[in-house]
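Novice: From the sequence below, what's the structure:
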Amino acid sequence: MMTTCTATPSIDRETKSPSLNLRSDSWPLLFLMTSVGGFSASYSFLARGGVFAFAQTGNIIYSGHVIASGHFVQVLTFLFPVLSYMAGLFASQQLEKRITGKVAFQKTVLLLESLLMGVTALLPVSYITTRLALCLLGLSSGLQMETFHRIGAHEYTSIMVMGNMKRTVEAFSAYLNDRCKASRNKALMYVAVNAIFCLGSAWGYMVTTAVGDKAILLPALLLVLGARLLKE
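Specialist: Next up, the predicted model:
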């Protein structure tokens, strides 16, 4: 029995027209947010205590370590960034309900992220300020995760790659079964998203090793520019 290949919605046809403007749920916006996600992961690891603040798995693992070692109070050190991330998710959901228009909502989140990163850059390097910086970055990552996660009809993740890897394998497996061009293109899309994240991480490594704890100002400025260029 033959499997029917069903066409899926195009992934952002708007970007074929040259323009300086960003469009909601488009490839240029995906590129911006995913590269910022990779940059921020490198930055937090290199400049703020060896923690990947944009993805919270590491903090959960560290929490388990300190619990196992009997240092229960130290759990708070790692739980605060996790709670900040969750607060970012919650804030994004609430803002979306209260701000009229998707683009206005996304612009607000871009500016909030930029502000959080700017404040992070102002914090000197010490034990307490590093923990505060991780909380600010955790809040920023929650805002980004909940707000920027779709291109066309497809979901993606801009602050880590595991979800995208799963979607890559699912789409490629579907392609082997149905030989549908849409499945192949979907798999290639997620490969591209992960490559962008990796390049963002490399960019973050180079800038952070050269500039230090102020490096996060660069993606902060790019987010402001993104808010300025984002259009209906």
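Novice: What's the biggest helix in this protein, counting residues?
Specialist: helix 181-211 (DSSP state H).
Novice: average model confidence for stretch 143-156?
Specialist: The average pLDDT for stretch 143-156 rounds to 94.
Novice: where along the chain do the strands fall?
Specialist: 22-23, 150-151, 154-155, 230-231 (DSSP state E).
Novice: so which of those is the most packed in?
Specialist: Each of the strands of the chain was assessed for mean neighbour count using mean count of other Cβ atoms under 10 Å. The highest is strand 22-23, with a mean of 21. (C-beta placed from N, C-alpha, C; glycine too.)
Novice: Each with direction, which strands does that one pair with?
Specialist: Sheet pairing here is set by DSSP bridges, and for strand 22-23 it gives strand 230-231 (parallel).
Novice: if we can go back for a sec, mind listing what's buried along the longest helix of the chain?
Specialist: Counting neighbours by 16 or more other Cβ atoms under 10 Å, one finds that the buried residues in helix 181-211 are 182-184, 186-187, 189-190, 192-194, 196-197, 200-201, 203-205, 207-208.
Novice: before we move on, what about stretch 118-131?
Specialist: Of the residues in stretch 118-131, those with enough neighbours to count as buried (16+ other Cβ under 10 Å) are 118, 120-121, 123, 130-131.
Novice: of the residues you listed, closest to residue 218?
Specialist: Proximity of the buried residues of stretch 118-131 to residue 218 (Cβ to Cβ) peaks at residue 121, which lies at 9.3 Å.
Novice: Quick check: that closest one touching residue 220?
Specialist: Yes - here residue 121 reaches residue 220: they are 7.0 Å apart, a contact under Cβ atoms under 8 Å.
Novice: looking at the strands of the chain, which is closest to residue 62?
Specialist: strand 154-155 (28.4 Å).
Novice: Show me what the closest one is packed against.
Specialist: helix 162-178 (3 or more Cβ pairs under 8 Å, 6 or more residues apart in numbering; DSSP states H and E).
Novice: name the helices or strands packed onto the helix it packs on?
Specialist: Checking 3+ Cβ pairs under 8 Å, 6+ apart, helix 162-178 ends up next to strand 154-155, helix 181-211.
Novice: If it's not too much trouble, I'd like these exported to JSON lines so that distance to residue 83 sit alongside each entry.
Specialist: Shown next, in JSON lines, are those (distance: least, Cβ to Cβ, whole Å):
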{"stretch": "strand 154-155", "distance to residue 83": "25"}
{"stretch": "helix 181-211", "distance to residue 83": "24"}
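Novice: how about those, which one is nearest residue 103?
Specialist: Checking those against residue 103 by Cβ to Cβ gives strand 154-155 as the closest, at 19.4 Å.
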